[in-house]
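Peer 1: All I have is the shape, not the residue letters:
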């Protein structure tokens, strides 16, 4: 496990099974890990590749999060930028924001379809064999 107590002032790459960011980061970071937990403030972009990216309550991300691959992205804190990339699930656990979108534009990638504003078509309306 890598514990990042901060401050981090230069662009940095972290590679480990578990990375925990508890301090302030004032640069872009790239993280390759099975599990990442962010508790501090990140003033920069995050590039992530792994299984779980968890933005904990009290954490503040003042940049974009670019996900190369992930099973799940969990947000309990504040993300001021957009979340984009390829992930299996996006869990918004912030108080008062059930299923609220986290990014101005929906994420794209093979693991998740972008939502649409159209209501789904019913099966009976789409086929008419009479």
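Peer 2: Yes, it's here. Everything numeric in this text was worked out from a predicted model, so none of it was measured.

Peer 1: wait, what's in contact with residue 13?
Peer 2: 29, 30, 31, 32 (C-beta atoms under 8 Å, 6 or more residues apart in numbering). Just so you know, the C-beta spots here come from the backbone N, C-alpha and C atoms, and that holds for glycine as well.

Peer 1: try 6 Å this time
Peer 2: Counting by C-beta atoms under 6 Å, 6 or more residues apart in numbering, residue 13 touches residue 30.

Peer 1: And it, how far from residue 21?
Peer 2: According to C-beta to C-beta, to the nearest Å, residue 13 and residue 21 sit 13 Å apart.

Peer 1: Kindly report the same for residue 86.
Peer 2: Distance from residue 86 to residue 21, by C-beta to C-beta: 22 Å.

Peer 1: Those two - which one has more neighbours?
Peer 2: Legend: neighbour count by other C-beta atoms under 10 Å for residue 86 and residue 21, higher for residue 21 (26 against 16).

Peer 1: And the pLDDT for that one?
Peer 2: Residue 21 carries a pLDDT value of 97.

Peer 1: the helices in this structure, which residues?
Peer 2: Assigned by DSSP state H, the chain shows helices spanning 123-126.

Peer 1: so where's it shaky on pLDDT?
Peer 2: 96-130 (pLDDT under 70).

Peer 1: Going along the chain, name the strands of it.
Peer 2: Under the criterion DSSP state E, strands of the chain are mapped to 2-4, 12-21, 29-38, 41-42, 46-55, 60-61, 65-75, 78-79, 83-92.
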